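Enquirer: Okay, predicted coordinates and the sequence, questions at the end:
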Amino acid sequence: MLDHIRALRTLAPTADPLYLVFSASGGAEVLPLNTLERRLTNGWLGVLIAGASDLPASLIGPEEPEHNHEPEVRATQLPGRGQDVHDPHFGESLGLAEGRNRTLRQTYGTEDRQLNLRLIALARGAHDLRSLDAGRPGGLPIEVWHGLLTEDRLNLAPFRKPGSNRRGSGSALPLGPLAAVQLYTTNANPLIEGKGHSPLCRHAHDSAAVVRGDDLLTVADLMARTDFDWCSKCGGYALRRLTDSQLSYYRAAHRLHDIKQQLDNQTGVPDADPSAVIARLDELAAWQPVDEAEWRTSDFWQWQETVREVTRMAARSPAVTRPS
């Protein structure tokens, strides 16, 4: 009831910014308290299930960033640094784990760490991050937004058509689980004056956050159009961090693309033992997303056909021999 929300605000001035709710009209949603109050005023009926602080500690994990590899290896993860696509940590800065680590690093020594981790866990369940806009100052902390979004760019060369990439030929791989990955920008319409900025850019708007007026695109939209007018400083958009399945596919696509490029250019294969390329291709042929629903039948067959084509190229290459 509306009185319950107002009582919560009165008795707990520091009430959680986000709540998990359920209604017959909208199903399960993650919403700010202000949004719930507006909906109730308009006759909305729903059940408040949990606030961010209600989430159990077992769901949040430790309060320290993960240190799963050496500092000199981590240095290659910084934006602008090159990294071999066959490195097991390739693309790590795009993923959910790095988002959590970044939030922890930015809130080191503060009392907000646990609440921020709970807010990230809850906010990741929102289908559209624009729904998290509280409509007034005092929304989600910037550290939480950095846990949800990254301003690092995706390298989409493996998914472009051959000859369409100025820096090299594409491999026309299917976008697969990456097709629905979300991008948020202040302006995706080239007919509206003003370049598109990342919502985290200081030139975007008053708050470093995704707001209702921002535009939502997907990676599929990004691939389909060439008329975007992006800011050259921030790149124009912020990318929703990749799930484990999406990051795994991003790595697999880049590895397959790299092997194909080297065979096309006759520059050799990426291993000291040339026959190991066949084993790598066998691994790529067996790749499957964690959630099979992300893998459309047409994408699956396109992926398999490309792997078979590259395997045939490798078998014909004088530098590659199958293991005896």
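Expert: Happy to help now that I have it.
Enquirer: which ones are touching the most centrally placed residue in the chain?
Expert: The centre of the chain sits closest to residue 241, judged by C-alpha atoms, centre = their mean, with a distance of 2.2 Å. Neighbouring residues of residue 241 by C-beta atoms under 8 Å, 6 or more residues apart in numbering: 94, 95, 96, 98, 99, 147, 148, 149, 150. Using the backbone N, CA and C atoms, a C-beta is placed for each residue, glycine as well.
Enquirer: Show me what the helix or strand hosting residue 300 is packed up against.
Expert: Taking DSSP states H and E as the criterion, residue 300 maps to helix 297-316. The contact analysis (3 or more C-beta pairs under 8 Å, 6 or more residues apart in numbering; DSSP states H and E) places helix 297-316 against helix 244-264, helix 276-285.
Enquirer: Hmm, residue 183 and residue 218 touching each other?
Expert: Yes - counting by C-beta atoms under 8 Å, residue 218 touches residue 183, with 6.8 Å between them.
Enquirer: Report the separation between the nearest residue to residue 128 once chain neighbours are set aside and residue 236.
Expert: Nearest residue to residue 128, sequence neighbours excluded (C-beta to C-beta, 6 or more residues apart in numbering): residue 216, at 6.3 Å. The gap separating residue 216 from residue 236 is 14 Å, by C-beta to C-beta, to the nearest Å.
Enquirer: More neighbours: which of the two?
Expert: Neighbours per residue, other C-beta atoms under 10 Å: of residue 216 and residue 236, the larger number sits with residue 236, 23 against 16.
Enquirer: so residue 98 sits right up against residue 91, yeah?
Expert: No - the pair residue 98 and residue 91 does not pass the contact test of C-beta under 8 Å, sitting 9.4 Å apart.
Enquirer: The two - which one has more neighbours?
Expert: Between residue 98 and residue 91, residue 98 has the larger neighbour count (other C-beta under 10 Å), namely 24 against 21.
Enquirer: and that one, which of the three is it?
Expert: helix (DSSP: H, G, I helix; E, B strand; the rest coil).
Enquirer: Please report how far the residue nearest to it when sequence neighbours are not counted lies from residue 49.
Expert: Closest residue to residue 98 apart from its sequence neighbours, by C-beta to C-beta, 6+ apart: residue 92 at 5.5 Å. Distance from residue 92 to residue 49, counting by C-beta to C-beta: 33 Å.
Enquirer: any low-confidence regions in the stretch 51-200 of the chain?
Expert: 66-82, 136-138, 164-168 (pLDDT under 70).
Enquirer: And the strands in it?
Expert: 149-150, 182-185 (DSSP state E, counting those that start in this stretch).
Enquirer: Could you dump the ones you listed into JSON lines and include distance to residue 192 and mean neighbour count?
Expert: As requested, these are exported to JSON lines (distance: least, C-beta to C-beta, whole Å; neighbours: other C-beta atoms under 10 Å):
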{"stretch": "strand 149-150", "distance to residue 192": "22", "mean neighbour count": "22"}
{"stretch": "strand 182-185", "distance to residue 192": "11", "mean neighbour count": "24"}
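Enquirer: Pipe those strands into CSV and attach distance to residue 300 per row.
Expert: Supplementary listing: the strands of the stretch 51-200 of the chain in CSV, determined by distance: least, C-beta to C-beta, whole Å:
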stretch, distance to residue 300
strand 149-150, 28
strand 182-185, 23
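Enquirer: for the ones you listed, which one sits closest to residue 251?
Expert: Residue 251 sits nearest to strand 149-150 of all these, at 15.6 Å, using C-beta to C-beta.
Enquirer: For the closest residue to residue 260 other than its chain neighbours, report the pLDDT, please.
Expert: Among residues not flanking residue 260 along the chain, residue 310 sits closest, at 4.9 Å (C-beta to C-beta, 6+ apart). Note on residue 310: pLDDT of 92.
Enquirer: Got the domain ranges for this structure?
Expert: Domain assignment for the chain by automatic domain parsing gives 2-54, 60-240, 244-316.
Enquirer: what sits against residue 2?
Expert: 37, 40, 41.
Enquirer: what's the closest non-adjacent residue to the first one?
Expert: Looking back up the chat, that one is residue 37. residue 5 (5.1 Å).
Enquirer: What is the neighbour count of that neighbour?
Expert: Residue 5, neighbours per other C-beta under 10 Å, totals 20.
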